[in-house]
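Student: No letters, just coordinates:
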């Protein structure tokens, strides 16, 4: 089956790793550590160069990336007809044939267009019309399981057409079989942990753990297990130049880097049904020997002595009234002061009024998005002994 062609291993080409707002620098550092070249931060993305093997590694290893895209064309556009005409000039038979299945997605940062689905449709029309004119046949569309995923991004008047090497977005790790309302995106969870500066020799606690995502991502980081380990497949595995031996070498090498030390990672939640789901996800991730999940009110949980990092994703008030949320956040602040000396606490929330009820001085504020909600990720230093909970002012972001 004819599918996308990419340069052979050893030949560098440009790629773009997309991410969530606020995680661009974290992703850039991940790419640096992995060995990427020509790094350039962008809005919700980082561009870089590498060979085919590096494309495999990027998909397998990056914790905060959503997709790894390979641009194949870039041009200016003025309207939908112009976009259709330019897309139709791309030599699509290099990337797929009339028997393949395709899917098109679009992202927009422009005043020219305002409907992503419409641009995806125009792009698809241009591709299938080219095939129909050349062969009398056309590729079919399959949004769920295509042979080729194509991504269109329009910024200003510049349109970039890319092949999506990831397939399903990379935050879909494959270990989370049980979810609750408003589950935390796995890439966001990993980004929050990396932003916190947590180191695996320290205690990690999520006292409102929900589906257990933060705890599992912390364990993957601590054990140096790639986030792609649980995935069943990647988009590039359907490409006609897929090098199975090369990818096997990369995955086997990763297993040799796994850290089997014991780590102290704790999660708790007030709901027994939520805890059951978290434990099932922990078991699915094969982390039940590393992560301890319990049923407990946050106020009643007793953290280990010696300090560590505690990260909260508390309710924002979407399904609670403001008074109840304010009481909850005040209780968080009171409990942190009483029971968490020596800990660094991080809280993500979109509810500014409730955050003010915590009653502590945030030494760092980072803007992040949890889904469509604009949030602040706030750091609080809880000092031991008689030292007051105070720290030199840190520039906010």
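Tutor: Here it is on my side, so go on. The structure displayed is predicted, hence computed values, not measured ones.
Student: Spell out which helix or strand contains residue 311, please.
Tutor: Per DSSP states H and E, residue 311 falls inside strand 308-312.
Student: just the strands in the stretch 101-250 of the chain please.
Tutor: 101-109, 140-141, 148-155, 158-164, 203-206 (DSSP state E, counting those that start in this stretch).
Student: Okay, now the unreliable bits of the stretch 201-350 of the chain?
Tutor: By pLDDT under 70, the stretch 201-350 of the chain has no low-scoring segment.
Student: Could I get the full set of helices for it?
Tutor: 213-223, 244-255, 272-284, 322-339 (DSSP state H, counting those that start in this stretch).
Student: closest to residue 131 out of those helices?
Tutor: helix 244-255 (28.1 Å; C-beta to C-beta). Backbone N, C-alpha and C define where each C-beta goes, glycine included.
Student: Mind listing what's buried along that closest one?
Tutor: Neighbour-count burial for helix 244-255, counted by 16 or more other C-beta atoms under 10 Å, picks out 246-247, 250, 254.
Student: same thing with stretch 12-20?
Tutor: For stretch 12-20, using 16+ other C-beta under 10 Å, the buried residues are 14-20.
Student: how many neighbours does residue 297 have?
Tutor: 13 (other C-beta atoms under 10 Å).
Student: was I right about it contacting residue 270?
Tutor: Yes: using C-beta atoms under 8 Å, residue 297 is in contact with residue 270, at 5.2 Å.
Student: measure stretch 194-211 end to end?
Tutor: In stretch 194-211, first residue to last residue: 19 Å (C-alpha to C-alpha, to the nearest Å).
Student: picking up where we left off before, which one among the buried residues of helix 244-255 gets closest to residue 124?
Tutor: residue 247 (29.0 Å).
Student: ok, for that closest one, nearest residue in space, not its chain neighbours?
Tutor: residue 56 (5.1 Å; C-beta to C-beta, 6 or more residues apart in numbering).
Student: Would you mind giving the secondary structure of the one you found?
Tutor: helix (DSSP: H, G, I helix; E, B strand; the rest coil).
Student: all numbers from here: first residue = 223
Tutor: Shifting the count to begin at 223 puts that one at residue 278.
Student: Pull the contacting residues for it.
Tutor: With contacts defined as C-beta atoms under 8 Å, 6 or more residues apart in numbering, residue 278 is in contact with 456, 458, 468-469, 472.
Student: Farthest from the middle of the chain: give me that residue.
Tutor: Distance from the C-alpha centroid of the chain, by C-alpha atoms, centre = their mean, peaks at residue 358 (40.9 Å).
Student: Would you check how far apart it and residue 306 are?
Tutor: According to C-beta to C-beta, to the nearest Å, residue 358 stands 20 Å off from residue 306.
Student: cool, residue 356 as well?
Tutor: 16 Å.
Student: Neighbour count: the two, which is higher?
Tutor: Neighbours per residue (other C-beta under 10 Å) separate residue 356 from residue 306, with residue 306 holding more: 17 against 12.
Student: how many neighbours does the closest residue in space to residue 530 that isn't next to it in sequence have?
Tutor: Once flanking residues are discounted, residue 530 sits nearest to residue 425: 2.9 Å by C-beta to C-beta, 6+ apart. For residue 425, the count of nearby residues is 19 (other C-beta under 10 Å).
Student: Tell me which other helices or strands the lengthiest helix in the chain touches.
Tutor: Longest helix in the chain, counting residues (DSSP state H): helix 338-357. Identification of packing neighbours for helix 338-357 by 3 or more C-beta pairs under 8 Å, 6 or more residues apart in numbering; DSSP states H and E yields helix 302-310, strand 323-331, strand 370-377.
Student: before we move on, back to that, reformat the buried residues of stretch 234-242 as TSV; add secondary structure.
Tutor: Formatted as TSV, these follow (three-state DSSP):
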residue	secondary structure
236	strand
237	strand
238	strand
239	strand
240	strand
241	coil
242	coil
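Student: Mind picking the one among these that's closest to residue 387?
Tutor: Nearest member of the buried residues of stretch 234-242 to residue 387, counting by C-beta to C-beta, is residue 237, at 7.8 Å.
Student: what's the most centrally placed residue in the chain in contact with, if anything?
Tutor: Among the residues of the chain, residue 409 comes closest to the average C-alpha position under C-alpha atoms, centre = their mean, at 2.3 Å. Shown in contact with residue 409 (C-beta under 8 Å, 6+ apart): 241-242, 245, 285-288, 392-393.
Student: repeat that for 6 Å
Tutor: Listed by C-beta atoms under 6 Å, 6 or more residues apart in numbering, the contact set of residue 409 reads 286, 393.
Student: again, but for residue 288
Tutor: 240-241, 391-392.
Student: measure it to residue 400 for me?
Tutor: For residue 288 relative to residue 400 (C-beta to C-beta), the value is 22 Å.
Student: Tell me where the model's unsure across the stretch 223-372 of the chain.
Tutor: In the stretch 223-372 of the chain (pLDDT under 70), the answer is 223-232.
Student: rerun at 50
Tutor: 223-230 (pLDDT under 50).
Student: hang on, the earlier thing: give me the distance from the longest helix of the chain to the chain's centre.
Tutor: Counting by C-alpha atoms, centre = their mean, to the nearest Å, helix 338-357 is centred 30 Å from the centre of its parent chain.
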